[in-house]
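Enquirer: Requesting a structural model of the entry that follows:
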Amino acid sequence: MDCQIEKGCGMKLVRDKLPEIIASNGRGEIPRWHRIEDDQEFRGELLAKLLEEVREVMGATTPEARRNECADVAEVMIALLALQGVTRRQFMRVLRDRRQERGGFEGRIFLEKVDPPPSSEPLFAK
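Expert: Next up is the predicted model:
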């Protein structure tokens, strides 16, 4: 839920334009906000936001809602990476490289378990 819907919400990281959107919604609501200057605090708030957004993806009930929530997850991930100096372009390159190295999820492969290799040595050595 965002602040446009949930009355009295607050104390969470929001997208840059949300205070402006709330102030101009015609309902007389007044957003109180501040900018997080400390990178470590910002990182912590981004991680909390990532969990919030993932929960919203899991709770989405329509394809459109799921698409929008996935976009929110991606935006948070991009902000987290930007804190490390990683650009969107660099991230997309890493995404492509990881896909080439390990594949994607189109195959719907579910790993049940990995058995240890057969051994000729006794389990209990004397």
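
Enquirer: The protein: helices as residue ranges?
Expert: Per DSSP state H, the chain carries helices over the ranges 18-23, 39-59, 63-83, 88-102.

Enquirer: Redo these as CSV? Include mean neighbour count, mean pLDDT and distance to K12.
Expert: For glycine as for every other residue, the C-beta is placed from the backbone atoms N, C-alpha and C. Formatted as CSV, the helices of the chain follow (neighbours: other C-beta atoms under 10 Å; pLDDT from 0 to 100; distance: least, C-beta to C-beta, whole Å):
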stretch, mean neighbour count, mean pLDDT, distance to K12
helix 18-23, 14, 90, 10
helix 39-59, 14, 97, 7
helix 63-83, 14, 97, 12
helix 88-102, 11, 96, 24
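
Enquirer: export the ones you listed to TSV and tack on distance to P116?
Expert: Below are the helices of the chain laid out as TSV (distance: least, C-beta to C-beta, whole Å):
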stretch	distance to P116
helix 18-23	52
helix 39-59	33
helix 63-83	35
helix 88-102	22
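
Enquirer: out of those, nearest to R108?
Expert: helix 88-102 (14.9 Å; C-beta to C-beta).

Enquirer: Now do the closest one: distance to the chain's middle.
Expert: In terms of C-alpha atoms, centre = their mean, to the nearest Å, the centre of helix 88-102 is set 17 Å apart from its chain centre.

Enquirer: And stretch 100-118, by the same measure?
Expert: That offset, for stretch 100-118, works out to 24 Å (C-alpha atoms, centre = their mean).

Enquirer: what do you get for stretch 40-50?
Expert: That offset, for stretch 40-50, works out to 10 Å (C-alpha atoms, centre = their mean).

Enquirer: for stretch 55-63, same thing?
Expert: Taking the mean of its C-alpha atoms, stretch 55-63 sits 13 Å from the chain's own mean (C-alpha atoms, centre = their mean).

Enquirer: Of all the helices of the chain, which one is nearest K113?
Expert: helix 88-102 (18.9 Å).

Enquirer: angle of the closest one against helix 63-83?
Expert: Going by axes from the mean of the first three to the mean of the last three C-alpha atoms, to 10 degrees, helix 88-102 is angled at 110 degrees with respect to helix 63-83.
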